[in-house]
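Visitor: got a predicted model here, sequence first, then my questions.
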There are 2 protein chains.
Amino acid sequence: MATSMALRIGRVDRILDALGDSTRRRIIRLLSAGPMSVSDLSRPLGITVTAVTQHLRILQSCALLKSHKKGRVRMCSLDTSGFETLEHWIREHRTSWERRLDRLGSLLEED
Amino acid sequence: MATSMALRIGRVDRILDALGDSTRRRIIRLLSAGPMSVSDLSRPLGITVTAVTQHLRILQSCALLKSHKKGRVRMCSLDTSGFETLEHWIREHRTSWERRLDRLGSLLEED
DNA sequence: TCATTAGTGAAGTCTATACTTCAGTATAAG
DNA sequence: CTTATACTGAAGTATAGACTTCACTAATGA
């Protein structure tokens, strides 16, 4: 329980670090319109393909992105698994915080 | 619709930038146990109160944190509003991506 | 009143990392 | 076989921003 929580947090940390960069968010928005290759991505982003590759590595390492190479072209698409993890994390914590806020609210009523 | 979407994205961007820093995530985790003052936070974080104040400004600017000053003590607590915004964003996009993946899946079946 | 405590603001340092260039590999096309 | 295309890896640069110090204000306590 404690260990699985620690692993969970490490995973979420990596996801939030990845999403903390505006270029990687732009990549995600581009891919939400459908799969694209590395050079397809580099054009609208206005950065080199090398830079794109570096971002892809990060996005892939936390399951926000999937890719497979067919010939010499790497096709990239979004991986829902990372987003699911993040959604679970937010929902869990949000509900626990709301419970706490409710308790706080009832305490304040006695003020 | 288009404009409200644009504003929404700007808001989510600021939230993800804020959550992209590990110290700010530690602040959030500390506050999930209940309200704390600025110096209460600085101790376990191992940074100066000035640094904490700077983080608080960022967290507050995107509605992840609320605070009010009583006397000379600023009490900080989590603001669910930012988390709600983020949760909505993820859910919306995740479902649309899943629809897209479903379509892609049925296309691949004809392969 | 004087000292202490809690926090803020400005300005500078310093590090993490986003991005580049260059050199290289592997696939495809002519 | 030659050339072009798609990408990857290593290494260097440059900048954003996290953190500090110092100086300050305002509230609390002795």
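Guide: Done, it's in.
Visitor: residue A:69 falls within a helix, correct?
Guide: No: Residue A:69 is assigned strand when assessed by DSSP: H, G, I helix; E, B strand; the rest coil, not a helix.
Visitor: would stretch A:10-21 count as contacting DNA strand D?
Guide: No: figure legend: stretch A:10-21 not in contact with DNA strand D (C-beta under 7 Å from any atom of the strand); closest approach 7.9 Å. Placement of C-beta: from N, CA and C, glycine included.
Visitor: same question, stretch A:28-37
Guide: Yes: counting by C-beta under 7 Å from any atom of the strand, DNA strand D is contacted by stretch A:28-37 at residue A:37.
Visitor: close to chain B, is that stretch?
Guide: Yes: counting by C-beta under 8 Å from any C-beta of the partner chain, contacts between stretch A:28-37 and chain B involve A:32, A:34-35.
Visitor: which secondary element of chain A has the worst mean pLDDT?
Guide: Ranked by mean pLDDT, DSSP states H and E, the weakest helix or strand in chain A is helix A:2-19, scoring a mean of 74.
Visitor: so which elements touch the helix or strand following it?
Guide: Per DSSP states H and E, the first helix or strand lying C-terminal to helix A:2-19 is helix A:22-31. For helix A:22-31, the packing partners by 3 or more C-beta pairs under 8 Å, 6 or more residues apart in numbering or on different chains; DSSP states H and E come out as helix A:2-19, helix A:38-45, helix A:49-61, strand A:65-70, strand A:73-78, helix B:2-19.
Visitor: try it again with 7 Å
Guide: Helix A:22-31 sits against helix A:38-45, helix A:49-61, strand A:73-78, helix B:2-19, with contacts defined as 3 or more C-beta pairs under 7 Å, 6 or more residues apart in numbering or on different chains; DSSP states H and E.
Visitor: what's the most buried one of these?
Guide: The highest average neighbour count among the helices and strands packed on helix A:22-31, using mean count of other C-beta atoms under 10 Å in any protein chain shown, belongs to strand A:73-78 at a mean of 18.
Visitor: hmm, it in reach of DNA strand C?
Guide: No: between strand A:73-78 and DNA strand C, judged by C-beta under 7 Å from any atom of the strand, nothing touches; the nearest distance is 7.6 Å.
Visitor: now the angle between helix A:38-45 and that strand, please.
Guide: 60 degrees (axes from the mean of the first three to the mean of the last three C-alpha atoms, to 10 degrees).
Visitor: got the CA positions of strand A:73-78 in CSV?
Guide: The C-alpha atoms that make up strand A:73-78 are tabulated as CSV, following Å, rounded to 0.1, in the frame of the first residue of the first chain:
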residue,chain,number,x,y,z
VAL,A,73,9.6,6.6,-40.5
ARG,A,74,8.5,6.7,-36.8
MET,A,75,4.8,7.2,-36.4
CYS,A,76,3.7,8.8,-33.1
SER,A,77,0.3,8.7,-31.4
LEU,A,78,-1.0,9.4,-28.0
